[in-house]
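Novice: fold the stuff below for me.
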Amino acid sequence: MNCRTAFCRLSCILIVAVTWCDGASVAQQPLAQDTAMPGNHPPIGGAVPLPEITEQQLLRAWSNTFADDVDIDILGTLAVQSDGRIKSFESHASQMMQMLAGPRLIDEQSRIFTYLDLIFRPHRYEDTPIVFVKKKPIRAQIIDALRSDSVSLNTQQFEQELQAFMDTGLISPQLLNRDSIRALRARLSQDLIRTAKPAEQIDNALAVREGRILLGNWRIVSPTHGDTHSRWYNPLEVMTAPIGTAAGEFSEAHHRALDQLWEQFATAWLQEDAQGVNDAAVQLAAFVPTINPGVYPSRKRLAAEAWYFRAPWYFGGSNLTGIWVLYALTMIPLLLAVVFRWRGARRLGMFMFLLAFGMHTFAIMLRWYVAARWPNTNMFEAVTTAAWFGGVFALFLEAVVRKRPMAGLFALGSAAASMVALMCAHYMPLALNANISNKMPVLHDVWLYIHTNVIIFSYALIFMAAISALLYLCRRVLQVLLGQSGSGDYARVGGAGSIIMTGPGAVQLTAEKTNFGQVLDGTTMVLMEMSFVLLWTGLVMGAIWADHSWGRPWGWDPKEVFALNTFIVFAVLIHTRLKVRDKGLWTAILALFGTVVMLFNWIFINFFIVGLHSYA
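Specialist: Predicted coordinates:
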């Protein structure tokens, strides 16, 4: 312990001692009778009378040192039954706290600490900004209502809190439960098109923060009989269940041990005894899996899942999405290599690409192992897996064209696609939710692994083609500025033929005199032709799956329509290339337009238009 921490603690002790009697009575008051512990167990949280603001701030300052000293990472590896899946407590806490605080950390605490602290000491968070409001227009309406609510609130400190709310999106439950804000939330919930969903999210967040809700969902005790699909229980259910009920199936030894460990853990937490909490956490984590080892999942898998959600920054951080930085750095030498044909830069770029792709592969394989299924059932998994497919194909093509002018371009396109995909996953954690969930019933089909993977593979190649097309257009703009004509800069053989053919017809892409525009056009065509074939195959397979699942091969669902639109764009591209003179220019323009249509289909249709593919 350093001097600063010791001084902070001593100051808090001296000041809080004056008001400790009132503070202690608040800390020990339960939320409601249905959540109070029986007998002499410590009470479990809920709504309580609030102390003065100054006292809350002092108690929070003291508790922050408690949070710093608590080490309960071991509890993150406990199994929790939630949403029909057995997952790690780290994963469960991440999901629940995201419903409450969005992408933010509350007081810079770990999510499992905040989860348990809301169970034991909910009063600490009544006037703490913990509820995340996503949309800024909704934040503005809440701020306007608060400003007109009461003259007593119009202070400089309150204005600073409102500005912080507008910046971060976090607001306290106390403010959200004011009469004026309750009335505003009721009005918002009536507008089903624009504001009902944000209002529902606020209501859900206020419900999730309740100690009884969090405790009820903390089902860490496996049943003594049954299988992995049998219902699990939270500790309070087991300790209070009458003999003969489902939760009363546990032996007296189990009851006694769990009762003792829970009392030790809860008492230490309420007394802010960090060492006591740490010791009890170790014992609790060791005992719970022994109740029924037959149905308890592998501790290695649970530990891997917990690590996946709290990986250190040098592994890419949570969900390993920070790998995008390495992909971004990879693009620098690769771009130098393809523009200046610098072999040293290409070697460095390919080494960095292999390193980034290796870490990306590790992330995909780890999620596959943790989820016990191939990761392609939600938007986060589709985006990250699609980028990985692009990397696999890029490495294959780089091996084929390693001695040709195209070398380095496929890796560059893949690095750009993976960088964008992982950046979106990293900086948009609400839109691309990384929490691991079960597959929807309609996805329990072999076609999930055929149709879905083929479609997202084609999307990755489309984006990669957009990179080479964009480079081609940049080159043409530069030629116009220099008074040059680039209308003859296109691959004579076209696309895949430039790789397959080795005779005189392939000279345009194999000879050293080949100019950069021809190489870029050939690269775009290789990727366009492959994506065209894959997209058509994916559409046909999707029709087969739709007929199998929904009883019709085509239903004009928005996702189906725009997937077809993307295919039509590339069909137009291929036929246009046969007729126009400036083949390279129109190929690049239509490739970029097709990418826009594809992104519209993947982003706008998924997030803003409801259809049968809303889960994708």
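
Novice: contacts only, for residue 349.
Specialist: 330, 331, 332, 333, 334, 336, 337, 408, 411, 412 (Cβ atoms under 8 Å, 6 or more residues apart in numbering). C-beta here means a position set from N, CA and C on the backbone, and glycine is covered the same way.

Novice: okay, those in TSV with neighbour count, pLDDT and secondary structure next?
Specialist: Shown next, in TSV, are these (neighbours: other Cβ atoms under 10 Å; pLDDT from 0 to 100; DSSP: H, G, I helix; E, B strand; the rest coil):
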residue	neighbour count	pLDDT	secondary structure
330	27	97	helix
331	21	96	helix
332	14	96	helix
333	22	96	helix
334	26	95	helix
336	17	93	helix
337	23	93	helix
408	29	93	coil
411	28	96	helix
412	27	96	helix
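
Novice: name the nearest of those relative to residue 280.
Specialist: Distance to residue 280, by Cβ to Cβ, is smallest for residue 330 among the contacts of residue 349, at 46.5 Å.

Novice: how about that closest one, nearest residue that isn't a chain neighbour?
Specialist: Counting by Cβ to Cβ, 6 or more residues apart in numbering, residue 352 is the residue found nearest to residue 330 once chain neighbours are left out, at 4.2 Å.

Novice: and which of the contacts of residue 349 is nearest residue 256?
Specialist: Nearest to residue 256 among these, with distances taken as Cβ to Cβ, is residue 330, at 58.0 Å.

Novice: in the stretch 1-150 of the chain, which spans are strands?
Specialist: 79-82, 85-88, 131-132 (DSSP state E, counting those that start in this stretch).

Novice: out of those, the one nearest residue 268 is which?
Specialist: Of all the strands of the stretch 1-150 of the chain, strand 79-82 comes closest under Cβ to Cβ, at 21.2 Å.

Novice: who does that closest one pair up with?
Specialist: When pairing is defined by DSSP bridges, strand 79-82 lines up against strand 85-88 (antiparallel).

Novice: what residues sit buried inside the partner strand?
Specialist: For strand 85-88, burial by neighbour count (16 or more other Cβ atoms under 10 Å) applies to 86, 87, 88.

Novice: and the last one, bridged to which residues?
Specialist: Following DSSP bridges, residue 88 is listed with bridge partners residue 79.

Novice: residue contacts, it?
Specialist: By Cβ under 8 Å, 6+ apart, the contact list for residue 88 reads 76, 77, 78, 79, 80, 302, 303, 305, 306, 309.

Novice: next: the second one.
Specialist: By Cβ under 8 Å, 6+ apart, residue 87 lies in contact with 79, 80, 305, 436.

Novice: mind checking how far the longest helix along the chain is from the chain centre?
Specialist: Determined from DSSP state H, the single longest helix within the chain is helix 516-550. Centroid separation for helix 516-550 versus its chain: 27 Å, with Cα atoms, centre = their mean, to the nearest Å.

Novice: who are the packing partners of it?
Specialist: Here helix 516-550 touches helix 324-340, helix 409-427, helix 447, helix 453-481, helix 497-500, helix 507-510, helix 558-579, helix 583-599, going by 3 or more Cβ pairs under 8 Å, 6 or more residues apart in numbering; DSSP states H and E.

Novice: rerun at 6 Å
Specialist: Judged by 3 or more Cβ pairs under 6 Å, 6 or more residues apart in numbering; DSSP states H and E, helix 516-550 is in contact with helix 453-481, helix 583-599.

Novice: pLDDT of that helix, averaged?
Specialist: If you average the pLDDT over helix 516-550, you get 89.

Novice: cool, stretch 381-388 as well?
Specialist: Per-residue scores along stretch 381-388 average to 95.

Novice: and the helices in the stretch 51-200 of the chain?
Specialist: Ranges of helices in the stretch 51-200 of the chain, per DSSP state H, counting those that start in this stretch, are 53-69, 89-101, 111-120, 136-147, 156-168, 173-176, 179-190, 196-208.

Novice: how is the protein carved up into domains?
Specialist: The chain breaks down by automatic domain parsing into domains covering 1-126+211-298, 131-208, 311-435, 450-616.

Novice: take the ones you listed and write them to CSV, including distance to residue 444.
Specialist: What follows is the domains of the chain, written out as CSV (distance: least, Cβ to Cβ, whole Å):
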stretch, distance to residue 444
domain 1-126+211-298, 13
domain 131-208, 27
domain 311-435, 10
domain 450-616, 10
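
Novice: least confident of those, on average?
Specialist: Of all the domains of the chain, mean pLDDT reaches its minimum on domain 1-126+211-298 (a mean of 75).

Novice: between the strands of the stretch 1-150 of the chain, which one is nearest to residue 145?
Specialist: Closest to residue 145 of those is strand 131-132 (Cβ to Cβ; 15.1 Å).

Novice: before I go, just wanted to say thanks for your time.
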